[in-house]
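Enquirer: Got a predicted structure plus its sequence, pasted below:
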Amino acid sequence: MSVIEKNAVATVHYTGTLPESGEVFDSSEGRDPLKFLVGHKQMIPGFEEELMGAAKGERRTFTLEPERAYGNRIPEAVQQIPKGMFGDIDLEIGMILMSDVGPFQVVAVEDETVTADFNHKLAGQTLQFSVEVVDIQEATPEELDHGHAHGPGGVEH
Ligand code: ZN
């Protein structure tokens, strides 16, 4: 495989930036590149769309609206939870906690209730990516069966 297409295993270095503030929210700089199976919903949709047809060694920079990134913020995903459910956790605004239905951020703490935001922290955000294609390989039958890439940078099991 010479370019990124469905069922390729792509290895990339990437830096994600919030265009408004210039803040880097995620980057593979200084660690192993990211390895993923293309076309199996491992990545946010726009990330793969923008890399289709890219060759090894190619660098692409693109901007994704929320619809093609982590989606828009959902008001219903902000919920009031009785404080008693948190036991003796030392609650702080901004902290990220895990629940049965995924991670959430504590956005307010009142006498009886805690306001929890289950939206992804990048929901509603426009994201800019700079991506360098490090390698492109054909997926193994096992990777296709599992729906993800194996090995360093992918899933190791
Ligand atoms: Zn696997």
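Expert: Nice, thanks for sending it over.
Enquirer: separation between residue 31 and residue 153?
Expert: Here the criterion is C-beta to C-beta, to the nearest Å. By it, residue 31 lies 9 Å from residue 153. Any C-beta I mention is one placed from the backbone N, CA and C, and that applies to glycine too.
Enquirer: likewise residue 91?
Expert: Applying C-beta to C-beta to residue 91 and residue 153 gives a distance of 36 Å.
Enquirer: do the same with residue 61
Expert: In this structure, residue 61 lies at 21 Å from residue 153, with C-beta to C-beta as the measure.
Enquirer: Which one's more surrounded, those two?
Expert: Taking neighbours as other C-beta atoms under 10 Å, residue 61 and residue 153 compare with residue 153 leading, 20 against 12.
Enquirer: any idea of the mean pLDDT for stretch 104-120?
Expert: Summarised as a single mean, pLDDT over stretch 104-120 is 96.
Enquirer: what sits up against that stretch?
Expert: Applying C-beta atoms under 8 Å, 6 or more residues apart in numbering, the set of residues contacting stretch 104-120 from outside is 70-71, 73-74, 77-83, 86, 91-97, 99, 101-103, 121.
Enquirer: Please repeat the previous calculation with a cut-off of 10 Å.
Expert: Contacts of stretch 104-120 with the rest of the structure, by C-beta atoms under 10 Å, 6 or more residues apart in numbering, involve 44, 66, 69-86, 89, 91-99, 101-103, 121, 123.
Enquirer: list the helices and strands the helix or strand where residue 145 lies packs on?
Expert: Using DSSP states H and E, residue 145 falls within helix 141-146. In this structure, helix 141-146 packs against strand 34-37, with contacts taken as 3 or more C-beta pairs under 10 Å, 6 or more residues apart in numbering; DSSP states H and E.
Enquirer: Paired strands for the strand ranked longest in the chain, with orientation please.
Expert: Using DSSP state E, we find that the single longest strand of the chain is strand 127-138. Strand 127-138 has the following strand partners under DSSP bridges: strand 8-17 (antiparallel), strand 59-64 (antiparallel).
Enquirer: Need the CA coordinates for the shortest one. PDB is fine.
Expert: Included here for strand 59-64 are C-alpha records, laid out as PDB according to Å, rounded to 0.1, in the frame of the first residue of the first chain:
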ATOM      1  CA  ARG A  59       2.700  16.100   5.900                       C
ATOM      2  CA  ARG A  60      -0.800  17.500   6.000                       C
ATOM      3  CA  THR A  61      -2.400  20.300   8.100                       C
ATOM      4  CA  PHE A  62      -6.100  20.600   8.400                       C
ATOM      5  CA  THR A  63      -8.800  22.200  10.500                       C
ATOM      6  CA  LEU A  64     -11.900  20.200  11.700                       C
END
